[in-house]
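K.L.:
next comes the sequence, and after it the predicted model I'd like to discuss.
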2 protein chains.
Amino acid sequence: MTAKRQLHLGAFMRPISIHTGAWRYPGAVPDANFNLGLQVELIRRLEAAKFDAFFMADHLAVLNMPIDALKRSHTATSFEPFTLLSALAMVTQRIGLVATASTTYDEPFHVARRFASLDHISGGRAGWNIVTTGNPETAANFGQDDHLEHATRYARAREFHDVVTGLWDSWADDAFVRDIDSGVFFDPAKVRALNHAGNFLKVKGPLNIARPPQGWPVIVQAGASEAGRQLAAETAEVIFGAADSLANGQAFYADVKGRMAALGRDPDSLKILPAAFVVVGESEAEAQEKRARLDSLVHYDSGIRSLSIMLGHDVSGFDPDGPLPDIPETNASKSGRERTIALARQENLTIRELAARAGSYAGLAFVGTARTIADEMQQWLEERGSDGFNVMFPFVPEGLFDFTDKVVPELQRRGVFRQDYAGTTLRDHLGLARPANRFFA
Amino acid sequence: MTAKRQLHLGAFMRPISIHTGAWRYPGAVPDANFNLGLQVELIRRLEAAKFDAFFMADHLAVLNMPIDALKRSHTATSFEPFTLLSALAMVTQRIGLVATASTTYDEPFHVARRFASLDHISGGRAGWNIVTTGNPETAANFGQDDHLEHATRYARAREFHDVVTGLWDSWADDAFVRDIDSGVFFDPAKVRALNHAGNFLKVKGPLNIARPPQGWPVIVQAGASEAGRQLAAETAEVIFGAADSLANGQAFYADVKGRMAALGRDPDSLKILPAAFVVVGESEAEAQEKRARLDSLVHYDSGIRSLSIMLGHDVSGFDPDGPLPDIPETNASKSGRERTIALARQENLTIRELAARAGSYAGLAFVGTARTIADEMQQWLEERGSDGFNVMFPFVPEGLFDFTDKVVPELQRRGVFRQDYAGTTLRDHLGLARPANRFFA
């Protein structure tokens, strides 16, 4: 009998709930997104439940919304990922720590160095969620007049990835000999300057920090556009996916794993983890009731702006009770736009209905009992819709405890989720090999 | 009777010892500079001894040395400041956490955000050591052909400071109302975009994190050149000074505090803390012996390169036993160059002798018993040579414990150093006021 396929679970923790009504839910902590003590409590619970990773999305600007909608956002103030994850590394031992860093608005030397440092501090638990930054208003915070065009962002992202991973390989794993007698601290044959000069970046190196314990922190990628899928097939080890149905999940899974095979990469060396919004009840009715209550807390001003962000286009001027008109492409995230348009067309939604979905959560949701949720997750796993999920909690702390205390034991009982960590690094949890050093055997 | 003037003490902890022979000293931890467990132990000892702050210098490149000298450097691998200090914030409650960030090779939005996040995570203990970056080879790690010229670096630094502090003021302290009933998370009248457009930088804002608990993290500055002094008089709250004698210290102290008075700033709103290399013995002879032993561990290859860095000029080709020839100005740090030339002329040193000083420590050193060291520190304090010191330890852990366990109690006994922290923030420890918000009363 072969071992059952195993689920991998990430916890999507920035924002600590994606739902714009989360902070108003009865019993929820309103400042959860910016409450360090609570974050410590929650990551400890996630670690006790054996989650693979704590996952931080990120933004480099307050959201691109007019102030009357923005004022309702519980994410307007947030911790910066490297400072928060480094702090959380000290109160946990095993759980992975995934930080988002932009390839459009940062320097590869800084990014490589910070992830290497986080990986050393956490004993090999870091992951890098590579984003090209979807919010066009970010440009104005970084001295730019315009956000880079989508294709250019992805070309730069690919080069940026190659530079960062090259910098991580600056030092052989055994470079630091620290020979007290001869006074030689490192072996000079075991350090290499990268001397990169490409279309977008020029970086000499070497990095001023030892190779990360994991060799490279785990490479995570989220884009679902054509360019995003190709970048992921070439470079990613985890995809933060956005499939909203099992059929779409299977198509995406087959597409990306097929691209990998065509590139000569082992399809198992990348784990596809779609985002899943999970609401747990004692009964299906109770779960549905919780979700309806939560959705009722979304203000229309907020929903219409969330929808505009997803579309990369301001739709507040259209008739709320009419259908979604054709929306032109922009430089914002392509995958969000495509998903939202597909949803509108599929279910024939008005703009008002679509705004309600956008402000609550428009993507894949599992709403039910621990049992029905485990059923669905298991089905996705067994039918190759995914290798697990990035779980989004509806509100905290109870919405998270519902998952760790009810759903996780059910998954464990079925033998599809670990009872304990088998290793110590994020690569261990995900079953990913440690990358060879390109310069040193 | 008026209260005695009080010393302020920073611990210079990156590198964990500035002395290039430190890692080879008998009983020293050779990988101390990159040993997280040891850093945790040391910061706890420094906090127990009531130090004002743990201070991290920084580099954005491995040192600008040929490999035969570099291979002897125990700082070739180091933690990145924000990741390390955020981690250390979780194992301490009171001690200040000062990180270095460059105004030449970073973006003000990133810098403002990271310091704000560290200040929130640590409960108001962050400080920003503003540097313009002295190592010209850094440019090649950031896509630049040349290091910016010294005056341009300082002009940009001033503008960068104004942008960062402006971003910290994005939100009024009471902006986040989190009114669950109305669904309003923040008061829109209490957030402001900076809309900065200057000679070097264009930054819109607002910052996506609440105003730091300290209002602004404490502003630290180290340059001692004319441009550096003026920047400090205008903006700094702590100077990491480099005076190497009481007379020089007094002249520097009078100069900077005089500039402040001329600018209308209260001279007490800036604390001048020169670096002091401290070696403690049970007797003066034992202390001198410790230092001699430590100095004997510096290799000439290493010393001549440290000297070249200090001068911003390669001097390895000159006759080691001849005097220092005239050295031209470069784009590297001006103050290091000036100090080193003055030392050579004053004591009529050969290049070999100067290299030995450079590789050990060429600046202010207190070498003696707890009593004589306390005498000297007290004299500097009382005679207005400084407001305290940034203490450099000769090796760790014992060289640090000698200070915390022997010198600190002696200073406390004399009533010139705190028995306990009176407040909780770094501003509290240093007696600095919380800055008003430029946009909100």
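P.N.:
Arrived safely, thanks for sending. Numbers count the residues shown, from 1 in each chain, chains lettered A, B, ... in the order given.

K.L.:
pairing partners for the longest strand anywhere in chain A, with directions?
P.N.:
Longest strand in chain A, counting residues (DSSP state E): strand A:271-280. Neighbouring strands of strand A:271-280 in its sheet, by DSSP bridges, are strand A:238-241 (parallel), strand A:365-368 (parallel), strand A:388-392 (parallel).

K.L.:
of these, which shows the lowest average pLDDT?
P.N.:
The stretch with the lowest mean pLDDT among the strands paired with strand A:271-280 is strand A:238-241, at a mean of 94.

K.L.:
picking that back up, could you export the strands paired with strand A:271-280 as TSV, including mean neighbour count?
P.N.:
All C-beta spots, glycine's among them, are computed from the backbone N, C-alpha and C. What follows is these, written out as TSV (neighbours: other C-beta atoms under 10 Å in any protein chain shown):
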stretch	mean neighbour count
strand A:238-241	28
strand A:365-368	20
strand A:388-392	26
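
K.L.:
same list (the ones you listed) but as TSV, adding distance to residue A:294.
P.N.:
Output for these, formatted as TSV (distance: least, C-beta to C-beta, whole Å):
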stretch	distance to residue A:294
strand A:238-241	23
strand A:365-368	10
strand A:388-392	12
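
K.L.:
is chain B within reach of stretch A:183-195?
P.N.:
Yes. Counting by C-beta under 8 Å from any C-beta of the partner chain, chain B is contacted by stretch A:183-195 at A:183-188, A:191.

K.L.:
quick one on the thing from earlier: roughly how far is the longest strand of chain A from the heart of the chain?
P.N.:
The chain centre lies 11 Å from the centre of strand A:271-280; the measure is C-alpha atoms, centre = their mean, to the nearest Å.

K.L.:
can you list the residues that contact the next helix or strand after it?
P.N.:
The helix or strand immediately downstream of strand A:271-280 is helix A:284-295, counting by DSSP states H and E. For helix A:284-295, contacts defined as C-beta atoms under 8 Å, 6 or more residues apart in numbering or on different chains pick out A:19, A:21-22, A:25, A:279-281, A:356, A:360, A:365, A:367-369, A:372, A:394-395.

K.L.:
about what we covered before: buried ones only from the residues of stretch A:183-195 next to chain B, please, as a ChimeraX command.
P.N.:
In ChimeraX, this line selects whichever of the residues of stretch A:183-195 next to chain B come out buried by 16 or more other C-beta atoms under 10 Å in any protein chain shown:
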select /A:183,185,186,191
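
K.L.:
restricted to strands, list the residues of stretch A:183-195 next to chain B.
P.N.:
Short answer: these in strands (DSSP E) are A:184-186.

K.L.:
pLDDT for the residues of stretch A:183-195 next to chain B - can I get that in TSV?
P.N.:
Formatted as TSV, these follow (pLDDT from 0 to 100):
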residue	pLDDT
A:183	95
A:184	96
A:185	96
A:186	96
A:187	97
A:188	95
A:191	96
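
K.L.:
tell me how many other residues surround the single nearest residue of the stretch 151-300 of chain A relative to chain B.
P.N.:
Nearest residue of the stretch 151-300 of chain A to chain B: residue A:204, at 3.8 Å (C-beta to the nearest C-beta). By the measure other C-beta atoms under 10 Å in any protein chain shown, the count of residues near residue A:204 is 19.

K.L.:
cool, residue A:296 as well?
P.N.:
11.

K.L.:
the stretch 201-350 of chain A: helices as residue ranges?
P.N.:
Counting by DSSP state H, counting those that start in this stretch, the stretch 201-350 of chain A has these helices, from start to end: A:226-235, A:246-263, A:284-295, A:300-311, A:334-347.

K.L.:
average pLDDT for the last one, rounded please.
P.N.:
Averaging the model's pLDDT scores along helix A:334-347 yields 85.

K.L.:
output that helix as CSV, restricted to C-alpha atoms.
P.N.:
The C-alpha trace of helix A:334-347 is given here as CSV (Å, rounded to 0.1, in the frame of the first residue of the first chain):
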residue,chain,number,x,y,z
LYS,A,334,-4.0,40.4,-15.0
SER,A,335,-5.1,37.3,-13.2
GLY,A,336,-7.4,39.3,-10.8
ARG,A,337,-9.1,41.0,-13.7
GLU,A,338,-9.6,37.8,-15.7
ARG,A,339,-11.1,35.9,-12.7
THR,A,340,-13.5,38.7,-11.8
ILE,A,341,-14.8,39.1,-15.4
ALA,A,342,-15.2,35.3,-15.7
LEU,A,343,-17.2,35.3,-12.4
ALA,A,344,-19.5,38.2,-13.6
ARG,A,345,-20.2,36.5,-16.9
GLN,A,346,-20.7,33.0,-15.4
GLU,A,347,-23.2,34.0,-12.8
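
K.L.:
give me the buried positions along it.
P.N.:
Buried, per 16+ other C-beta under 10 Å, within helix A:334-347: A:334-341, A:343-344.

K.L.:
what's the answer for the first one, then?
P.N.:
Within helix A:226-235, the residues that qualify as buried are A:227-233, A:235, counting by 16+ other C-beta under 10 Å.

K.L.:
what's the angle from the longest strand of chain A to helix A:226-235?
P.N.:
120 degrees (axes from the mean of the first three to the mean of the last three C-alpha atoms, to 10 degrees).

K.L.:
buried residues of strand A:271-280, list them for me.
P.N.:
Within strand A:271-280, the residues scored as buried using 16+ other C-beta under 10 Å are A:271-280.

K.L.:
contacts only, for the most far-flung residue of chain A relative to its centre.
P.N.:
Relative to the centre of chain A, and counting by C-alpha atoms, centre = their mean, the farthest-placed residue is residue A:181 at 47.3 Å. Shown in contact with residue A:181 (C-beta under 8 Å, 6+ apart): no residues.

K.L.:
contact partners for residue A:271?
P.N.:
A:8, A:237-239, A:387-388, A:430-432.

K.L.:
return the distance of it relative to residue A:52.
P.N.:
9 Å (C-beta to C-beta, to the nearest Å).

K.L.:
so residue A:139 makes contact with residue A:149?
P.N.:
No. Counting by C-beta atoms under 8 Å, residue A:139 stays clear of residue A:149, with 11.6 Å between them.

K.L.:
quick one: which of the two has more around it?
P.N.:
residue A:139 (21 against 10).

K.L.:
those strands in chain A, which residues are they?
P.N.:
A:8-14, A:53-56, A:96-102, A:126-131, A:176-179, A:184-186, A:196-197, A:202-203, A:218-221, A:238-241, A:271-280, A:365-368, A:388-392.

K.L.:
would you convert the ones you listed into JSON lines that also reports distance to residue A:44?
P.N.:
Converted to JSON lines, the strands of chain A look like this (distance: least, C-beta to C-beta, whole Å):
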{"stretch": "strand A:8-14", "distance to residue A:44": "12"}
{"stretch": "strand A:53-56", "distance to residue A:44": "10"}
{"stretch": "strand A:96-102", "distance to residue A:44": "13"}
{"stretch": "strand A:126-131", "distance to residue A:44": "19"}
{"stretch": "strand A:176-179", "distance to residue A:44": "33"}
{"stretch": "strand A:184-186", "distance to residue A:44": "37"}
{"stretch": "strand A:196-197", "distance to residue A:44": "40"}
{"stretch": "strand A:202-203", "distance to residue A:44": "38"}
{"stretch": "strand A:218-221", "distance to residue A:44": "21"}
{"stretch": "strand A:238-241", "distance to residue A:44": "23"}
{"stretch": "strand A:271-280", "distance to residue A:44": "20"}
{"stretch": "strand A:365-368", "distance to residue A:44": "24"}
{"stretch": "strand A:388-392", "distance to residue A:44": "16"}
